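Enquirer: build the 3D model from these lines:
(one chain, ligands or ions: 1)
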Amino acid sequence: MNLHTLLLERFKTALAAIGAPEDSPAPLSKSTRPEFGEYQFNGAMALAKVLKAKPRDIAEKIVEAVSLDDVASKLEIAGPGFINIHLKSEWMGTQLDRALNDARLNIEQTANDIVVIDYSSPNLAKEMHVGHLRSTIIGDAVAKTLEFMGNKVIRQNHMGDWGTQFGMLLAHLSDKLNANEVAETALSDLEDFYREAKVRFDDEDGFADRAREYVVKLQSGDPDCAKLWEKFIDVSIAHSEEVYDKLNVSLTREHVMGESAYNDDLANVVAILKEKGLAVEDQGAQVVFLPELADKEGNPAVYIIQKSGGGYLYATTDLAAIRYRCQKLNANRTLIFTDARQALHFKQTEIVARKADFINDEQTYEHCPFGMMLGSDGKPFKTRSGGTVKLADLLDEAIERAETLLAKRESDLSDAERKDVARKVGIGAVKYADLSKNRTTDYMFNWDTMLSFEGNTAPYLQYAYTRIQSIVRKAGVNPTELSASIVVSESQEHALAVKLLQFVEAINQVTAEGTPHVLCSYLYDVASAFMSFYEACPILKDSIDENVRNSRLKLALMTANTLKKGLDLLGIDTMEKM
Ligand code: ARG
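Expert: As a prediction, the model looks like this:
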């Protein structure tokens, strides 16, 4: 059940009944203060002009025409013609009872798009770094949320597994293997390996030439070289998988659709663009001029799709990827999560792809940019010595810190249980810290804030969840056998009930905008509403009437289910005890 949709439909029917034109705007929003009810309908003002009447009179007509007796206890007209909607407690109770007995929390699958999500997408020549952490975490949360609503999600890990730097890396790897090293050991630290290869490339006589030969061999499909490349890629993907496992994200090898996958189509892409008169030769290169993105002097932007030596670029691959996604996979939407510095590239790519009809007007191409992860000094996140932070190390540190924190808290957990909780809290904290910030801004990485049990953090929400579980255990009842239905009477119950019924609205915003922080704020509000409710409405006190107690327990359980489902969509674990 979607409260917003339900109210909107009723109002639209009412508008038709009072003779409003079919496409009349029907603005319905959440009220900003409890005394204004839960929702506000603001359609009367715009209609006043069309129907040539006073807005307040129109509002009165709408109130008369709208059929909301089952849902609302009161509709009141305020100001120039706002209609405030106060929800009926009985109705909310019934809805919550229904949601409590349903695995999907009474949320229907209302979407059925085919959505390609391009996320994580690390460069395999090097270790995964913090930029890919953001892409991985945010992309995965959006993927899960889209899936929950019924979309067919196709995950694509557009790994950087191709390009001239592989010549240098393969030449170096070949030497190591000839010296009887195995690939796994040689590549155990990709960062070191890359550095060694680069030093040889810059300083060692003849090495740069060999590196270039390897590039040619790789591109011409030489079988020995291909084997070497596969070895390299295989070990490097395994490094990423280690990070995915630790992070508990849903990416696996079958989602890898690296740059190399489009090799065979690149010449074709250039040929099509030439044939359509979009690409022209400029100083030996094939370029597309983009007057849409001209500079101040009016010079069009130059989008290169083939270098003068014949080599292809990142851009060429992305054009091939659009063709594949839109024409073979029939994606209605394509979402790409990378840092904001690539915004221009994707803008240009989209313009070119649309002109070339690789993507049609109904299909979207949505670059979802994010800001940088900064250290506490406000500068890009680095190790103390200024190196790139290895993700695997970062995640291990998160777990260790959570372990130290938990050791200080009183609990009856066994050692093994505590280790498990520490992992869930540590990883949850890192993920949530990232997810809870509006992704478009830079964000500051701070261990103390993310691991705090207070504020908008994973530990706070995980704790709220376990606290409810412990209340239910203490009550000594079987949650599936609770008699009595949910009765919403106290104002704190009312506030919590409304919040709980708005889950799907938060979810829909995440799927439309690719912004998991909306869901985070929502869950934080739910947990806070629960805390106020629990303070005002005791559950475990002996003096409480059984029906009241059971109703409150059910409200608590519904809160727990919502927190669990929400955290699950974000890729964060909950636990029964902590
Ligand atoms: N490998 C790229 C990077 O690390 C990200 C790729 C994003 N996806 C794409 N289709 N270009 O920056």
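
Enquirer: so who does residue 109 touch?
Expert: Counting by C-beta atoms under 8 Å, 6 or more residues apart in numbering, residue 109 makes contact with 148-150. In this view, the C-beta of every residue, glycine as well, is placed from N, C-alpha and C.

Enquirer: quick one: secondary structure of it?
Expert: coil (DSSP: H, G, I helix; E, B strand; the rest coil).

Enquirer: quick one, strands of the stretch 451-578 of the chain?
Expert: Per DSSP state E, counting those that start in this stretch, the stretch 451-578 of the chain carries no strands over any range.

Enquirer: who in it is up against the ligand?
Expert: Residues of the stretch 451-578 of the chain lying close to the ligand (C-beta under 6 Å from any ligand atom): none.

Enquirer: list the buried residues in the helix or strand where residue 273 lies.
Expert: Assessed by DSSP states H and E, residue 273 sits inside helix 263-275. Neighbour counts using 16 or more other C-beta atoms under 10 Å place 263, 265-266, 269-270, 272-274 of helix 263-275 among the buried residues.

Enquirer: again, but for stretch 519-539
Expert: 519-520, 522-531, 533-534, 537, 539.

Enquirer: from residue 274, how far off is the closest residue in space to residue 280 that isn't next to it in sequence?
Expert: Leaving out its chain neighbours, the residue that sits closest to residue 280 by C-beta to C-beta, 6 or more residues apart in numbering is residue 287, at 6.5 Å. Per C-beta to C-beta, to the nearest Å, residue 287 is found 11 Å from residue 274.

Enquirer: and if you look at residue 367?
Expert: 26 Å.

Enquirer: residues contacting the residue lying farthest from the centre of the chain?
Expert: In the chain, residue 205 marks the outermost C-alpha relative to the chain mean, sitting 47.7 Å out by C-alpha atoms, centre = their mean. By C-beta under 8 Å, 6+ apart, the contact set of residue 205 is empty.

Enquirer: where does it sit: helix, strand or coil?
Expert: Residue 205 ends up coil, using three-state DSSP.

Enquirer: mind listing what's buried along stretch 462-482?
Expert: Neighbour-count burial for stretch 462-482, counted by 16+ other C-beta under 10 Å, picks out 462-469, 471-472, 475, 479, 482.

Enquirer: alpha carbons of stretch 321-333, in PDB - could you do that?
Expert: The C-alpha coordinates for stretch 321-333 follow below in PDB (Å, rounded to 0.1, in the frame of the first residue of the first chain):
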ATOM      1  CA  ALA A 321      28.400  -0.200 -24.100                       C
ATOM      2  CA  ILE A 322      25.400   2.000 -24.700                       C
ATOM      3  CA  ARG A 323      24.700   0.200 -27.900                       C
ATOM      4  CA  TYR A 324      24.900  -3.100 -26.100                       C
ATOM      5  CA  ARG A 325      22.800  -2.000 -23.200                       C
ATOM      6  CA  CYS A 326      20.100  -0.200 -25.100                       C
ATOM      7  CA  GLN A 327      19.800  -2.400 -28.200                       C
ATOM      8  CA  LYS A 328      20.700  -5.900 -27.000                       C
ATOM      9  CA  LEU A 329      19.600  -5.800 -23.300                       C
ATOM     10  CA  ASN A 330      16.800  -3.300 -24.100                       C
ATOM     11  CA  ALA A 331      17.500  -1.400 -20.900                       C
ATOM     12  CA  ASN A 332      14.900   1.300 -20.200                       C
ATOM     13  CA  ARG A 333      17.300   2.900 -17.800                       C
END
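
Enquirer: okay, now residue 188: neighbour count?
Expert: 12 (other C-beta atoms under 10 Å).

Enquirer: ok so, going back, let me have the buried residues of helix 263-275 in TSV, extended by distance to the ligand.
Expert: Listed next are the buried residues of helix 263-275 as TSV, based on distance: C-beta to the nearest ligand atom, whole Å:
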residue	distance to the ligand
263	15
265	14
266	14
269	14
270	18
272	19
273	18
274	23
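
Enquirer: could you tell me which residues of the stretch 1-150 of the chain lie near the ligand?
Expert: Checking the stretch 1-150 of the chain against the ligand by C-beta under 6 Å from any ligand atom, the hits are 118, 121-123.

Enquirer: let me know the closest of those to the ligand.
Expert: residue 121 (3.7 Å; C-beta to the nearest ligand atom).

Enquirer: quick one, helices of the stretch 251-400 of the chain?
Expert: 263-275, 314-323, 343-355, 391-408 (DSSP state H, counting those that start in this stretch).

Enquirer: which stretch among the ones you listed comes nearest residue 6?
Expert: Closest of the helices of the stretch 251-400 of the chain to residue 6 is helix 343-355, at 36.1 Å (criterion: C-beta to C-beta).

Enquirer: appreciated, that's everything.
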